[in-house]
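In: this one's structure only:
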């Protein structure tokens, strides 16, 4: 069975600093996808970035990048130049292999607080 | 604007009553999903549907039921058999082919009194 572990319940960072949110995963399948979502206090889930297990390069989307270390089974999210609006819960998720619906397995989340 | 709508945002029910949560999407996505989120926790999959008139149980389906009679709609019924129904419920949709992100609705917070 697939499992996602986020070991940082909360993180506090000064505005404009870079921050790394940790995510490790456990799967025996060679093909999988990894996602990061942001959940503001309003509750909706906002997609940030995706990494496929066969992708050669680390994914980047604007200020977000994913530090993918396949041998270590880690997929850390890096936010550069943090902003006050980045304060939210962040969830790492994995899509198991197989056709059809993209079921996701989520980690417990990390609450990020950006201080002015 | 394309997106997913869930109604209502807040819902209160008495213990022992069934309640149906609405989820509608106009993204023309084939797949739809229901997740449950408890305080301080990640999301857990309740049910998902890959196509109209088809749905599958997720990890915590007991006490819930769904239907998928239309592509745009995937209502979730929380039955009286659900032991602890108070939670935040999120609906999502996605294309089924390839690695595509799931798009989420704003959620419904259900409180059973």
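Out: Great, that's in hand. Everything numeric here is computed off the predicted structure, so don't read it as measured data. Residues are numbered from 1 along each chain as shown, chains lettered A, B, ... in the order given.

In: How far off centre is stretch A:109-116?
Out: Remark: stretch A:109-116 is offset 14 Å from the chain centroid, using C-alpha atoms, centre = their mean, to the nearest Å.

In: hang on, I meant stretch A:107-116
Out: With C-alpha atoms, centre = their mean, you get 12 Å for stretch A:107-116.

In: buried ones in it?
Out: A:107, A:108, A:109, A:110, A:112, A:114 (16 or more other C-beta atoms under 10 Å in any protein chain shown). (Each C-beta comes from the backbone N, C-alpha and C, glycine too.)

In: ditto for stretch B:37-52
Out: By 16+ other C-beta under 10 Å, the buried positions in stretch B:37-52 come out as B:37, B:42, B:43, B:44, B:45, B:46, B:47, B:48, B:49, B:50.

In: Over to stretch A:61-69?
Out: A:64, A:65, A:66, A:67, A:68.

In: can you pull out the strands in chain B?
Out: B:4-7, B:10-13, B:19-25, B:31-37, B:43-51, B:54-57, B:64-66, B:76-78, B:87-94, B:103-104, B:108-112 (DSSP state E).

In: Switch these over to JSON lines; also include mean pLDDT and distance to chain A.
Out: Formatted as JSON lines, those follow (pLDDT from 0 to 100; distance: least, C-beta to the nearest C-beta, whole Å):
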{"stretch": "strand B:4-7", "mean pLDDT": "94", "distance to chain A": "9"}
{"stretch": "strand B:10-13", "mean pLDDT": "93", "distance to chain A": "11"}
{"stretch": "strand B:19-25", "mean pLDDT": "96", "distance to chain A": "13"}
{"stretch": "strand B:31-37", "mean pLDDT": "95", "distance to chain A": "4"}
{"stretch": "strand B:43-51", "mean pLDDT": "93", "distance to chain A": "4"}
{"stretch": "strand B:54-57", "mean pLDDT": "92", "distance to chain A": "8"}
{"stretch": "strand B:64-66", "mean pLDDT": "97", "distance to chain A": "13"}
{"stretch": "strand B:76-78", "mean pLDDT": "96", "distance to chain A": "16"}
{"stretch": "strand B:87-94", "mean pLDDT": "95", "distance to chain A": "5"}
{"stretch": "strand B:103-104", "mean pLDDT": "93", "distance to chain A": "4"}
{"stretch": "strand B:108-112", "mean pLDDT": "95", "distance to chain A": "8"}
